[in-house]
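Chemist: sequence-free structure coming up:
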DNA sequence: TTGAGGGACTAGCGCGCGCAAGTATCGATG
DNA sequence: CATCGATACTTGCGCGCGCTAGTCCCTCAA
């Protein structure tokens, strides 16, 4: 009878036994332990045997013994993940994998009833794409995670991805608009990001000498969009910068249903350059976030943190760019109508 | 000087020591080990002390000792994750968490250069939302994962989520349309899902006695949508069932730009009930999927597999529902124009 | 009084690995 | 020839936990 039990995993001890050497030697070879001298002959014998037997290190045991899990936990905001973002993450994951780390993504549940993953996984590093929500960083730290990005102690300028709103405002300003509104999203899950973008927009408006931006957080319903539009129209608003393309799309739809022409009577600009942005009628002006390389940057950031190196700086090509389409037009043209 | 080293994690031994009892007893209480009788007094003392000290079980040690990682790995296809799908996953994650399992999502990289996560994490279960790609299931099994969903040995009917396309076709048929096209997506990453949905649509058409559906896979560009529309119009098509809301939105946009009225001359129905679907002009008829319910179902499926129970059957309320909006109208109305 | 039968625990091994400390061998050096 | 320092290993502890195989009482029947 051949064994019917599931074949036990191959351990380092198996390799040692089969080669007639000690387990420690095998360990030293497999880990390239610094400060250990291993003859080239033994090294290759171990490596060959490991491959032959199909050895995989048991991460649980390694984590237990070393105290490091070699897991990097990436905390994602609760917003939808488009292809761009996913490719980034993939890229980061690949780069980290090469360095022997596993990248795991996680979105904390807002109700927070479940044990957050950083407690269960005991990652070496937890990094977030957005600033930490109140208490979140504390929770991570309480779980015994030594390294956290962004560092909750040293508030850094983490708005590298957020020059988009500024570009929106400047674009509308360039077109002659002076009464510009900012349309956020009422979805509580993206509240942080909305706040970040609104603040960036306000700063831009401020430096252009514009009045404070009328702002509202919309739900993705016709009623909500209409209400906001009515208010803003009454205030003389001629252009709206939207938090993202979805909100922009909602505004355009509602405006059309209200009999407002876009961009004739109202300019609308979105953010993110969703695939759909180019497909709406009218096509949507928006901000494209050049995500290429952002993934590798994240990986870089993670590795430097884990290994205690200084953090890399942001590559300049990660900047956002303006995509001009049909939903924005000069204010003068509006006046002519 | 207070200690500057990071405070060691609290272990079960700490609890035992602080209570003057044995570590085993603590373990029995914490795990509710069956077959062990523990007095109520001791039980509460342990539990209280655990809470007081802030004890968290070390998963690495537990995994090492028990041989089970209590990790469920959910393999995601490479398509974008909208709110619906994410909520679905979140729901599943929550349910699993309650049962003591951590749900980790993972998208294998197509180039496959990185070590797949199922090798590193040693999950108790790996489940996929789509059928396994060739070799993938073998790779999972080779990593020593005992339980895999869907079971690669027994090909099952896994099209539980795909009555949506049938509803699209029946809806259009009910409205009097007889020349219906199916619009897929040319994105290779969602090819599997597109095929699944198209097949479901074709089956529905077939059972209604309709001719074979003209079908095309669109890119989300105006040119692509226009080309498909021209071809279909030449074939007398009066209605289109789209693979998802994005494609539907693209078609509507292109149709309007071509001077076709929607739904006057062309009915379009989407799939998934994206938030944006209700915001486009015209608002999009679509198929709503009960994602939260689906998430719970997934969790159920996972738990039953891990614990060796028989798999649950699909709950009836997980069915898709039709959302009628303004982008579909009776064929007769079309004829009147 | 003895012994059986639990209830309520404890002692301690083993999971697979990292790593500190030790040992054997050998050529070089004074 | 003794000593020293490399080189190339081996011995063995400890990481925190699950769990088997006990031990020690206390009660109750014979």
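Modeler: Structure received. None of the values given here were measured: they were computed from a predicted structure.
Chemist: where exactly do the helices run in chain A?
Modeler: A:12-19, A:23-31, A:40-53, A:59-66, A:83-98, A:117-121, A:136-142, A:164-174, A:191-207, A:222-234, A:245-257, A:294-306, A:331-336 (DSSP state H).
Chemist: Need the winner for burial among those.
Modeler: helix A:245-257 (a mean of 25; mean count of other CB atoms under 10 Å in any protein chain shown). For glycine as for every other residue, the C-beta is placed from the backbone atoms N, C-alpha and C.
Chemist: Just the angle for that one relative to helix A:222-234, thanks.
Modeler: 70 degrees (axes from the mean of the first three to the mean of the last three CA atoms, to 10 degrees).
Chemist: quick one: is helix A:245-257 near chain B?
Modeler: Yes. Applying CB under 8 Å from any CB of the partner chain, one finds that helix A:245-257 is in contact with chain B at A:246, A:249, A:250, A:252, A:253, A:254, A:256, A:257.
Chemist: between these, which is nearest residue B:127?
Modeler: Checking those against residue B:127 with CB to CB, the nearest one is residue A:246 at 30.1 Å.
Chemist: shaky segments in the stretch 201-337 of chain A?
Modeler: A:290-293, A:314-318, A:333-337 (pLDDT under 70).
Chemist: and it, which of its residues are near chain B?
Modeler: A:220-222, A:225, A:246, A:249-250, A:252-254, A:256-257, A:275-276, A:278-281, A:283.
Chemist: Give me every residue in chain A lying close to DNA strand D.
Modeler: With CB under 7 Å from any atom of the strand as the criterion, chain A comes near DNA strand D at residues A:21-25, A:28, A:36-39, A:41-42, A:61, A:64-65, A:67.
Chemist: Which pair of the residues you listed spans the longest distance?
Modeler: A:41 and A:67 (32.3 Å).
Chemist: Residue A:176: what's it in contact with?
Modeler: Applying CB atoms under 8 Å, 6 or more residues apart in numbering or on different chains, we find residue A:176 in contact with A:330, A:331, A:332.
Chemist: got it, and residue A:284?
Modeler: A:245, A:248-249, A:252, A:268-270, A:276-278, A:325-327.
Chemist: Distance of the nearest residue to residue A:128 once chain neighbours are set aside relative to residue A:120?
Modeler: Counting by CB to CB, 6 or more residues apart in numbering or on different chains, residue A:75 is the residue found nearest to residue A:128 once chain neighbours are left out, at 4.2 Å. Distance of residue A:75 to residue A:120, given as CB to CB, to the nearest Å: 14 Å.
Chemist: for residue A:56, same thing?
Modeler: 22 Å.
Chemist: again with residue A:276
Modeler: From residue A:276 to residue A:120 the distance is 37 Å (CB to CB).
Chemist: right, and the helices of chain A - which one's nearest residue B:144?
Modeler: Per CB to CB, nearest to residue B:144 of the helices of chain A: helix A:59-66, 11.9 Å.
Chemist: Find the centremost residue of chain A, please.
Modeler: residue A:129 (4.4 Å; CA atoms, centre = their mean).
Chemist: How about the backbone phi and psi for that one?
Modeler: Note on residue A:129: its backbone torsions stand at phi -80, psi -20 [degrees, to the nearest 10].
Chemist: Who are the contact partners of it?
Modeler: Shown in contact with residue A:129 (CB under 8 Å, 6+ apart): A:74, A:75, A:76, A:77.
Chemist: 10 Å - rerun?
Modeler: Residues in contact with residue A:129, defined by CB atoms under 10 Å, 6 or more residues apart in numbering or on different chains, are A:74-77, A:79, A:85, A:88-89, A:105, A:149-150, A:158, A:161, A:193, A:294, A:298.
Chemist: okay, the contacts of residue A:176 in CSV with distance to residue B:213 next?
Modeler: Converted to CSV, those look like this (distance: CB to CB, whole Å):
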residue, distance to residue B:213
A:330, 45
A:331, 47
A:332, 49
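Chemist: Make JSON lines out of the residues you listed and add distance to DNA strand C.
Modeler: Formatted as JSON lines, the contacts of residue A:176 follow (distance: CB to the nearest atom of the strand, whole Å):
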{"residue": "A:330", "distance to DNA strand C": "64"}
{"residue": "A:331", "distance to DNA strand C": "65"}
{"residue": "A:332", "distance to DNA strand C": "69"}
